[in-house]
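A.B. asks: A structural model of the following input is requested.
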Amino acid sequence: MKTILITFIFLFTSLCLLQAQQQDEAAYTKVLTERSQKIIDVLGIKDQAASQRVTEILVNQYKSLGLIHDGLAADLKKTKVEAEITLLKLQADQKLYNLHCEFLGRLASELTPEQIDQVKDGMTYGVVKVTYDSYCNMIPTLKPEEKRQLTVWLVEAREHAMDAPSSNKKHEWFGKYKGRFNNYLSQQGYDSQKERQAWEERLKSGQDRQSKANAEVDKKAAEWVTSLGLNDEAKAGRVQKVIANHLKAVRDWHNNHDYNTVPEGINPKTGGTLAKLDRQIIVDATFPKEGHETLMSGLRKDLTEEQVEQILDKYTVGKVAFTMKAYKEVVTDMTPEEEATILNHLKQAREEAIDYKNMDQISAIFKIHKTQIELYLYQNGKNWKAIYKQYVDSLKKNKK
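C.D. replies: As a prediction, the model looks like this:
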C-alpha cells in the first residue's frame, strides 16, 4: 500500500510539473508570437497565409536563439577554465552563425530584400535609423562618404545585434560600432564632444520652440471647443484633443515637407511657372488621409453635424458663409438648385482646406472650387464675368 501511495504521489507530481512546463511554454510562445506579429504587421503582407508563415519563422528564430544562449549560460556555469570557456563561446558563435544564415534564407523565400531589412530593424528596435539620423543631426556637415561609412557599420552592427540574447546586448553591439565611427570621425578632423554640445543646444532651443508652438495650438483648440458651449467636460476634452492633434499633425507635415521637394515646372492650366505657393500646396496635399479621417471621425463621435461644421468654419475663418453671401449678392437671380450646388462646392473646399497650414493655402483651395462654381454658373446660362462686372459697376455708380 505504501509503495502504491509513493508511486501515485510521484506520478501526480510529475503530471503537475509537466502541466506547469506546458503552461510556461504556451505563455512563452504567446509572448514571442505577439512580438513577432508587431514586426510582421508593418511589412504590408496582404496574403494572410504568407504573413502567418513569416510570423512562425520569426517565432522559431527567437526560440532557437534562446536555446543557444541559455545552453551557453548553463555550460559556462560548469567551468572556470579559460580555455574551455573560450571553446564554448566559439561553439555558440558557430551555432549562431549557422542559425543566422538559415533564418535569412527562410525569410528570402517569403519576403523582398526591403521587407527583410524591416524585419531586421524590428528585431533591433530600429536603432540603425535612429543612430544614423542622430549623427546626421548632430553633425550636419557630414560628407556623403562619411554617411556611407556610418551606414555600413550600423548595418553590420545590426547583423550581430539580431542574434543577441537581450535588449542590452543588442545595444552593446551598436555601441561598439558607434565607438568605431567616433574614432573615424576624429581621424576626419571632427571634435565629437563639441559637435554633441552644439547639437544639444540646438535640441534644447528647438524643444522650447516646439513646446511654445504646441501650447498655442492647445489654446486655439480649447477656444474653438469652448465656443460650442458643450456641457460635458469629458466630451469637450476628447474633442479638444482630436482637434489639437490634427492641427499639430498638419503643422508638422507642412514644416517637414519643403516646397523645394517639388521641382520647378510649368503650371499646365496657366502655362506659367509653378509658384512657390503652388509647389507647397502640391507637397502638402500628400498629408496622410488617415490624419484627416481621424479628425472627422473624432468630431462626429461627440458632436452633431452642425457642431462639426462650426469647428470646420473655425479652421477656415468662416469662408463658406462669407463666400456664399458674396455669390448671392452678385447673382441676384440664383435658383435654389444653384444655391445648393454652390454651397456643396464651398463645403467641399472647406473640408479639403483644413489639412493646410496657412490662410494663403486655404484661400487657394477655395479658389479651385470657386473656379468650378463659376464654370457651373456659366453652363447654367449665367456669364459670371459679365454678371460680376455689372455688380462692380453698380457699386461704383451708387458711390457717386
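
A.B. asks: got a list of what residue 353 touches?
C.D. replies: For residue 353, the contacting residues are 315, 316, 319, 361, 362, 365, 366, by C-beta atoms under 8 Å, 6 or more residues apart in numbering. Bear in mind the C-beta positions are built from the backbone N, C-alpha and C, glycine included.

A.B. asks: Residue 289: which of those residues is nearest?
C.D. replies: residue 365 (16.0 Å; C-beta to C-beta).

A.B. asks: Next, the closest one: secondary structure please.
C.D. replies: helix (DSSP: H, G, I helix; E, B strand; the rest coil).

A.B. asks: can you start the count at 41 instead of 1 from here on
C.D. replies: Happy to do that; since the first residue is 41 now, the last one works out to residue 405.

A.B. asks: Pull the number of nearby residues for it.
C.D. replies: 22 (other C-beta atoms under 10 Å).

A.B. asks: so it touches residue 394, yeah?
C.D. replies: No. If you go by C-beta atoms under 8 Å, residue 405 and residue 394 don't touch, sitting 9.3 Å apart.

A.B. asks: any idea how far stretch 262-279 is from the chain center?
C.D. replies: On the basis of C-alpha atoms, centre = their mean, to the nearest Å, stretch 262-279 sits 28 Å off its chain's mean C-alpha point.

A.B. asks: Run through this protein and note the low-pLDDT ranges.
C.D. replies: 41-64, 440 (pLDDT under 70).

A.B. asks: Got the domain ranges for it?
C.D. replies: According to automatic domain parsing, the chain comprises the domains 70-158, 164-230, 253-354, 356-440.

A.B. asks: would you turn the ones you listed into JSON lines with distance to residue 240?
C.D. replies: Shown next, in JSON lines, are the domains of the chain (distance: least, C-beta to C-beta, whole Å):
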{"stretch": "domain 70-158", "distance to residue 240": "30"}
{"stretch": "domain 164-230", "distance to residue 240": "9"}
{"stretch": "domain 253-354", "distance to residue 240": "20"}
{"stretch": "domain 356-440", "distance to residue 240": "29"}
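
A.B. asks: just so I know, which of the ones you listed lies nearest residue 247?
C.D. replies: Of all the domains of the chain, domain 253-354 sits nearest to residue 247, with 10.2 Å by C-beta to C-beta.

A.B. asks: The closest one: end-to-end distance?
C.D. replies: 18 Å (C-alpha to C-alpha, to the nearest Å).

A.B. asks: Can you list phi and psi of residue 313 for me?
C.D. replies: phi -70, psi 140 (degrees, to the nearest 10).

A.B. asks: and it, how many neighbours?
C.D. replies: 11.

A.B. asks: What's opposite it in the beta bridge?
C.D. replies: With DSSP bridges as the criterion, residue 313 is bridged to residue 306.

A.B. asks: Isn't it up against residue 306?
C.D. replies: Yes. Using C-beta under 8 Å, residue 313 is in contact with residue 306, at 6.5 Å.

A.B. asks: ranges for the helices of the stretch 191-340 of the chain?
C.D. replies: Applying DSSP state H, counting those that start in this stretch to the stretch 191-340 of the chain gives helices spanning 207-227, 232-266, 273-296, 316-324, 329-342.
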